[in-house]
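In: heads up, no residue letters with this:
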């Protein structure tokens, strides 16, 4: 059994893809999300994430945490919204919570991680992780801003081929599945579960929003290494 090495606050947690990775790295994890998440596999608070974070800071309860992970809604800046959807006139207006999240995280005084997909989200890309780095069946590139800690960037390996499915009128086959949307050759629920290593939810919406636990398992271990080096 992995020894417990600290406690992570998982904000905008959805169904717990990030949480499971931190858990596997040895952390106790507490989640917070505005929606009901009965499949979240760890302790969970339902509420608005930034209001909850502000409450924890004001009451001093934030001090029980070692690290904060935040995945604020990505629709305002993700590649799909600012690319295909914008060009076709699809979608609506989305609120960008990245800056507000960062302000509170800075106020917390804790090390933190902000996660966003590729696109125009205004975060530093201190890390970019990809499913190919972990031998997964998705690419699912994600960028991470690291606050109050740092770690070397891993090498991004060459992709082995295309993401399977239709894109801009062209159908391709490849070793990766499209774990987003529906139709057009997108992955089934079972394919997404297998490709990302997520077994505790079978809700499509939760799977399409999740990051593979392998990413935060890597980040959690990197954080522990960085912390040990500081105190060595």
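Out: Perfect, thanks for sending it. These figures come from a predicted structure and were not determined experimentally.
In: So which residues of this protein form strands?
Out: 7-11, 28-33, 43-46, 67-70, 112-117, 127-129, 142-147, 165-167, 170-172 (DSSP state E).
In: Partner strands of the third one, with direction?
Out: As defined by DSSP bridges, the strand partners of strand 43-46 come to strand 28-33 (parallel).
In: which stretch among the strands of the chain comes nearest residue 184?
Out: Minimum separation from residue 184 across the strands of the chain (CB to CB) falls at strand 165-167, 4.2 Å. For glycine as for every other residue, the C-beta is placed from the backbone atoms N, C-alpha and C.
In: Can you list the strands that that closest one pairs with?
Out: Counting by DSSP bridges, strand 165-167 is paired with strand 170-172 (antiparallel).
In: what mean pLDDT does the partner strand have?
Out: Over the span of strand 170-172, the pLDDT mean works out to 92.
In: hmm, who's touching it?
Out: 162-165, 185 (CB atoms under 8 Å, 6 or more residues apart in numbering).
In: Quick check: the two most widely separated of those?
Out: Farthest pair in the contacts of strand 170-172, by CB to CB: 162 and 185, 10.9 Å.
In: Who are the contact partners of residue 182?
Out: With contact set as CB under 8 Å, 6+ apart, residue 182 has these partners: residue 204.
In: pLDDT weak spots in the chain?
Out: The model of the chain has pLDDT under 70 over residues 1-3, 75-94, 232.
In: And the longest helix seen in it, what does it pack against?
Out: For the chain, the helix reaching the highest residue count under DSSP state H is reported as helix 213-231. The contact analysis (3 or more CB pairs under 8 Å, 6 or more residues apart in numbering; DSSP states H and E) places helix 213-231 against helix 17-24, strand 67-70, strand 127-129.
In: Before I go, just wanted to say thanks for your time.
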